[in-house]
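Asker: got a predicted model here, sequence first, then my questions.
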Amino acid sequence: MFDRITPHEMAVVRDSYNRVAKRSPALTHAFFTRLFEHVPALQGVFPVADTDKRAFAASFFRFVVMHLRSDEALHVLLEQFGERGLLDHVSIAQIDAIGLSMLGALRELEGTSWTVETSSAWEHAYTWTWSTIRHGARARPEQPLT
């Protein structure tokens, strides 16, 4: 498992999110545009017409950011997501593409507010989140991650 996110990193991520949250539709659009450029196959997982799945993805993202401070409770919840199949249709390579797409979309919307510190804090938060979900998914022997 990766190291916990520091209080300072949590604050940097929250501040960054708060700057872009008011442009949530633009963030969602930038994210999915980048994601489908990296991994066109994920269009089948998040089809344009399935606004519920896209809304869930945006809500999940916001939920994680807003609950980083409660990292122990969030840790348990993320592992449960993994155990319950959140990653059933996504490979580890695609998870990496999701991270790159997310960081790219955030960087785009942050503009000149995006710093090395912001990038580092988001990368750590993303890595911690997905490693926790992956850990939960590994508890499902019938669904090994590829």
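Answerer: Here it is on my side, so go on.
Asker: going forward, measure contacts and count neighbours with C-alpha atoms only.
Answerer: Fine.
Asker: show me the contact partners of the worst-scoring helix or strand of the chain on mean pLDDT.
Answerer: Every helix and strand of the chain was ranked by mean pLDDT, DSSP states H and E. The lowest is helix 71-83, at a mean of 79. For helix 71-83, contacts defined as Cα atoms under 8 Å, 6 or more residues apart in numbering pick out 4, 64, 67-68, 129, 132-140.
Asker: can you say which of those are buried?
Answerer: Buried by 16 or more other Cα atoms under 10 Å: 64, 68, 129, 132, 133, 134, 135, 136, 137, out of those.
Asker: and those residues, which two are furthest apart?
Answerer: Spanning the widest gap among the buried ones among the contacts of helix 71-83 are 68 and 137, at 20.3 Å by Cα to Cα.
Asker: ranges for the strands of this protein?
Answerer: For the chain, applying DSSP state E gives no strands.
Asker: where does it have low pLDDT?
Answerer: 1-2, 71, 85-88, 139-146 (pLDDT under 70).
Asker: before we move on, back to that, show me which of the contacts of helix 71-83 is closest to residue 94.
Answerer: The shortest approach to residue 94 among these belongs to residue 134, at 12.6 Å (Cα to Cα).
Asker: mind checking how far that closest one is from residue 78?
Answerer: Note on residue 134: its distance to residue 78, by Cα to Cα, to the nearest Å, is 9 Å.
Asker: the longest helix seen in the chain to helix 71-83, inter-axis angle?
Answerer: Of all segments of type helix in the chain, defined using DSSP state H, the longest is helix 116-138. Orientation check (axes from the mean of the first three to the mean of the last three Cα atoms, to 10 degrees): helix 116-138 against helix 71-83 gives 50 degrees.
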